[in-house]
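Novice: Prediction below, plus the sequence it came from.
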Amino acid sequence: MAAELENLNDEQLLNLICNNDNSQAFSVLVKRHNRRFYYLAYRSLYNKEEAQDVVQDAFIKLWDNPKIWDAKKKAKFTTFFYKIIVNRCLDINKRQRKRHLEFKDSLAHNNELNQFETAEHKQKQDLLESAIQSLPAKQKMALNLCFYEGISNKEAAEIMGMKVKALESLLMRSKQSLRKVFKIDDV
């Protein structure tokens, strides 16, 4: 049965979970998306344990009350679940604005980086990560969704509960802030 479940899309799995309390369907859903949601939470919080907790709490919330996903709204599971993760991360960032962040662990989570990179590249990456972390929470989240997660502006706006123009404005302001940090003139 587990192999059959692997072939179902997310919404079909959620329907099984909602109707049958199907733990195997839930397992498939968690296995399929756990890493993706963890990386988003980590890029927002830069703390392994907090990121793991956010994702775990979100999945527990879904397991305890699967009907929070409303099939009638015709929202994709990923859009719905990104919204839960984003809101939780924004809440945590609001409460912990003044904490000091460490960026060394961020390099270990970037699959594109390898052991043969130069110290200069790592230094530039650290500077970029530091600059992104200094952005306001909503600008940082917009960057993470659109550039790191590869989500369309329309879907990212839906996840963040705003209009596309407002999201685009956040992205523009974040890019302007990063240009100032790196002393890049607008072209």
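Specialist: On my side now, so go ahead.
Novice: for the residue lying closest to Lys83 once chain neighbours are set aside, helix, strand, or coil?
Specialist: Closest residue to Lys83 apart from its sequence neighbours, by CB to CB, 6 or more residues apart in numbering: Ile159 at 4.7 Å. Where you see a C-beta, it was placed from the backbone N, CA and C, and this is true even at glycine. Judged by DSSP: H, G, I helix; E, B strand; the rest coil, the three-state class of Ile159 is helix.
Novice: Show the contacting residues for Ile159.
Specialist: Counting by CB atoms under 8 Å, 6 or more residues apart in numbering, Ile159 makes contact with 79, 82-83, 86, 145, 151.
Novice: Point out where the chain drops to low pLDDT.
Specialist: Within the chain, the ranges that satisfy pLDDT under 70 run 1-2, 21, 71, 96-121, 185-187.
Novice: Quick check: the residue most central in space within the chain vs Asn22, distance?
Specialist: Central residue of the chain (CA atoms, centre = their mean): Leu40, 2.4 Å from the mean position. From Leu40 over to Asn22 the distance is 26 Å, taken as CB to CB, to the nearest Å.
Novice: re the thing from before, going by neighbour count, which of the contacts of Ile159 are buried?
Specialist: 82-83, 86, 145, 151 (16 or more other CB atoms under 10 Å).
Novice: if we take these, which one ends up nearest to Lys74?
Specialist: Distances from Lys74 to these, taken as CB to CB, are shortest for Lys83 (14.6 Å).
Novice: Check which residues of the helix or strand the closest one falls within are buried.
Specialist: If you go by DSSP states H and E, Lys83 is part of helix 77-95. If you call a residue buried by 16+ other CB under 10 Å, then helix 77-95 has these buried ones: 77-78, 80-90, 92-93.
Novice: can you list contacts of it?
Specialist: 10-11, 13-14, 29, 33, 36-37, 40-41, 44-45, 50, 54-55, 57-58, 61-62, 69, 137-138, 140-141, 145, 149, 151, 155, 158-161.
Novice: can you tell me which of those residues are in strands?
Specialist: Under the assignment DSSP state E, those contribute nothing to strands.
Novice: Take the contacts of Ile159 and lay them out in CSV including distance to Val181.
Specialist: Below are the contacts of Ile159 laid out as CSV (distance: CB to CB, whole Å):
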residue, distance to Val181
Thr79, 31
Tyr82, 27
Lys83, 29
Val86, 24
Leu145, 21
Ile151, 24
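Novice: which of those residues lies closest to Ser177?
Specialist: Using CB to CB, those come closest to Ser177 at Leu145, 16.9 Å.
Novice: separation between that closest one and Ile17?
Specialist: Counting by CB to CB, the gap from Leu145 to Ile17 is 25 Å.
Novice: ok, Leu5 touching Phe26?
Specialist: No - taking contacts as CB atoms under 8 Å, Leu5 lies outside contact range of Phe26: 9.7 Å.
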